[in-house]
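model the following, please.
(2 chains, ligands or ions: 2)
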Amino acid sequence: MADTVTTLPGASAPAAPVPTASTDARSSPLLHRAEELARAGRPGPYGVELREVPFLTQFNVRYRPGGGRSAPDGFPLTPGLPGTPNTVRRGDDRTALWLGPDEWLVVAPPDAHAATEDALRAAAEAVRTGAAEGDAGGARVAYTDVSAHSTALRLGGARARDVLRKVCAIDLHPRAFGADACAQTLLARGARVLLVADPEPDGFLLFVRASFADYVTDWLLDSMAEYAVGDGQCTNDGR
Amino acid sequence: MQLIPCPWCGDRDEVEFHYGGQAHLAHPADPDALSDEEWGAYLFLRDNPKGWFTERWSHAAGCRRWFDVVRHTVTHEVRPAPATPAPAAPAPAGTVVAP
Ligand SMILES: [Zn+2]
Ligand SMILES: [Zn+2]
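Residues are numbered from 1 along each chain as shown, chains lettered A, B, ... in the order given. Ligands and ions are numbered 1, 2, ... in the order given. Next comes the predicted model:
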């Protein structure tokens, strides 16, 4: 499905091989735990799996439309910015996540960094010159590259919701936290995370500050332990 | 668990918030014109009612917005402040399981 977060690189692919200095000098916060994460998961439709989705392109966007309006519908970026609090709007190559009434996070694959920055620069220019359709005076816009601020973890599998429930106070039932939901909250009593539904297949993306990545990983591995063994079958339907 | 209603994110656990004290305090228009006593009163003197109190909170671990609530200082019941502008649509996600 092109319009889901799984279009993000790595979201449905196996963990990337450990890069060597000759091919990629970058290092991600959880690179040193890739093998541990691969061992801890239980593959298959009744298990749970955890891995890092490193190097995602992330831009923080602040936007206030002019003309006394508050809805961000006129922002000239594809996909548009979601106006409903704690929701996500997905496009073919970018996802926009609600962070606040005038603040969003635009996420794209690692190799789309330059293209995303170009698109945001063009959008900002359009807003500033009043060229954006329907925009009146007083519009304000800014964007900031925050790609290195946090890394992402993908928790997937039928037990993903149960794993998160043990470390997070948010109501994660599908009827409360649906396919287009996101939330900034505290995980494991202290780590600030951005939690995003990643429903294809059943799972979640967690954006975690680099300095908290190990801590959150420790909690999630502990929470996963009871589901990573055994042959019992379960689904999330109706729970 | 004490739940606090963020006007954007809905009910969330108290630990996600920072307290901001009494709401609707006006900064003196001309601070230089104030006596030391008046400046001290502006800085340090606050209402301390037994009952409903309008106060500021920041959703520090969530949307990072400041907003007002009214809290009963005896029962700790918290309600959205009448003056707090409500978002266009209620938050469908990110609410907290009742304790
Ligand atoms: Zn505090
Ligand atoms: Zn909030």
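
for residue B:17, see how far away the residue of chain A most remote from its centre is.
Each residue of chain A has a distance to the centre, and by CA atoms, centre = their mean the biggest one is for residue A:137: 32.6 Å. The gap separating residue A:137 from residue B:17 is 35 Å, by CB to CB, to the nearest Å. (Each C-beta comes from the backbone N, C-alpha and C, glycine too.)

any idea how far chain B is from residue A:113?
Here residue A:113 is placed at a distance of 25 Å from chain B (CB to the nearest CB, to the nearest Å).

enumerate every residue touching the spatially closest residue to residue B:48 that is not a sequence neighbour.
Distances taken as CB to CB, 6 or more residues apart in numbering or on different chains put residue B:73 closest to residue B:48, at 8.0 Å, once the chain neighbours are dropped. Each residue near residue B:73 by CB atoms under 8 Å, 6 or more residues apart in numbering or on different chains is listed here: B:48-53.

can you give me the helices for chain B?
Assigned by DSSP state H, chain B shows helices spanning B:36-44.

same question for chain A.
With DSSP H as the criterion, chain A has helices spanning A:34-40, A:113-128, A:160-165, A:213-224.

please identify the deepest-packed of the ones you listed.
Neighbour counts (mean count of other CB atoms under 10 Å in any protein chain shown) averaged over each of the helices of chain A peak at helix A:160-165, with a mean of 21.

is it positioned near chain B?
No - applying CB under 8 Å from any CB of the partner chain, one finds helix A:160-165 separated from chain B by no less than 8.8 Å.

restrict that helix to CA atoms and write it as PDB.
Taking Å, rounded to 0.1, in the frame of the first residue of the first chain, the C-alpha atoms of helix A:160-165 are listed here in PDB:
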ATOM      1  CA  ALA A 160       3.000  -5.300  19.500                       C
ATOM      2  CA  ARG A 161       0.100  -3.600  21.100                       C
ATOM      3  CA  ASP A 162       0.400  -5.800  24.200                       C
ATOM      4  CA  VAL A 163       4.100  -5.000  24.500                       C
ATOM      5  CA  LEU A 164       3.400  -1.300  24.400                       C
ATOM      6  CA  ARG A 165       0.600  -1.400  26.800                       C
END
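
which helices and strands sit right next to it?
strand A:203-209, helix A:213-224 (3 or more CB pairs under 8 Å, 6 or more residues apart in numbering or on different chains; DSSP states H and E).

could those be laid out in TSV, adding distance to chain B and mean pLDDT?
Below are these laid out as TSV (distance: least, CB to the nearest CB, whole Å; pLDDT from 0 to 100):
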stretch	distance to chain B	mean pLDDT
strand A:203-209	12	96
helix A:213-224	14	96
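
residue contacts, residue 28?
With no chain named, the answer covers chain A. Shown in contact with residue A:28 (CB under 8 Å, 6+ apart): A:52, A:54-55, A:151.

hmm, I had chain B in mind actually
Neighbours of residue B:28 in contact, by CB under 8 Å, 6+ apart: B:34, B:38-39, B:42.

residue B:44 versus that one, what's the distance?
Taken as CB to CB, the span from residue B:28 to residue B:44 is 14 Å.

where exactly do the strands run in the chain?
Since you didn't name a chain, this refers to chain A. Applying DSSP state E to chain A gives strands spanning A:49-53, A:57-64, A:88-90, A:95-100, A:103-108, A:140-145, A:150-156, A:182-187, A:191-197, A:203-209.

that answer is for a different chain, and I need it for chain B
Under DSSP E, chain B gives strands at B:3-6, B:10-13, B:18-22, B:52-58, B:66-72, B:78-80.

turn the ones you listed into CSV, including mean neighbour count.
Listed next are the strands of chain B as CSV, based on neighbours: other CB atoms under 10 Å in any protein chain shown:
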stretch, mean neighbour count
strand B:3-6, 21
strand B:10-13, 22
strand B:18-22, 12
strand B:52-58, 18
strand B:66-72, 18
strand B:78-80, 15
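
and these: which comes nearest chain A?
strand B:10-13 (4.8 Å; CB to the nearest CB).

what about the nearest residue in space to residue A:122 that is not next to it in sequence, neighbour count?
Among residues not flanking residue A:122 along the chain, residue A:76 sits closest, at 7.6 Å (CB to CB, 6+ apart). By other CB atoms under 10 Å in any protein chain shown, the residues close to residue A:76 number 17.

repeat for residue B:65
Around residue B:65 there are 17 residues (other CB under 10 Å).

do the same with residue A:191
Residue A:191 has 19 neighbouring residues, counting by other CB under 10 Å.

residue contacts, it?
So residue A:191 contacts A:208-209, A:212, A:215-216, A:219 (CB under 8 Å, 6+ apart).
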